[in-house]
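Peer 1: Fold the following for me, if possible:
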Amino acid sequence: MLELFFSVAFSAVPLTLFVPPIRSLNLFVQTMEAMWMESSGHTHRVYPRVRVAIRRILDCILCNTS
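Peer 2: Purely as a prediction, here's the structure:
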């Protein structure tokens, strides 16, 4: 059982290298929010049907049935 524990623990260590630091992730989220806020005004005015279609597709993908 101890060998299994060590094999799982040491196989998971390289996976931690793929997780970005919190600061990088926070910057990415902040950038995505800024892009969303800038594009939402254009989306609401110019493409109302596209916005509804994208929302329906995302609802289907995320299984949000309302």
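
Peer 1: Look at S39 and report its pLDDT.
Peer 2: pLDDT for S39: 78.

Peer 1: Can you give me every residue that contacts it?
Peer 2: With contact set as Cβ atoms under 8 Å, 6 or more residues apart in numbering, S39 has no partners. All C-beta spots, glycine's among them, are computed from the backbone N, C-alpha and C.

Peer 1: sec struct for it, please.
Peer 2: For S39, the assignment made with DSSP: H, G, I helix; E, B strand; the rest coil gives helix.

Peer 1: Can you name the next helix or strand after the strand or helix carrying E33?
Peer 2: Per DSSP states H and E: E33 is located in helix 22-46. Going down the chain from helix 22-46, the next helix or strand is helix 48-61, by DSSP H and E.

Peer 1: Pull out the C-alpha coordinates of that next one and format them as CSV.
Peer 2: Provided in CSV are the C-alpha atoms of helix 48-61 (Å, rounded to 0.1, in the frame of the first residue of the first chain):
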residue,chain,number,x,y,z
PRO,A,48,-28.7,40.6,-30.7
ARG,A,49,-29.6,37.4,-32.5
VAL,A,50,-26.0,36.1,-32.4
ARG,A,51,-25.9,36.9,-28.7
VAL,A,52,-29.0,34.8,-28.1
ALA,A,53,-27.7,32.0,-30.2
ILE,A,54,-24.3,31.9,-28.4
ARG,A,55,-26.1,32.0,-25.1
ARG,A,56,-28.3,29.0,-26.1
ILE,A,57,-25.3,27.1,-27.3
LEU,A,58,-23.4,27.8,-24.0
ASP,A,59,-26.5,26.8,-22.1
CYS,A,60,-26.6,23.5,-23.9
ILE,A,61,-22.8,22.9,-23.4
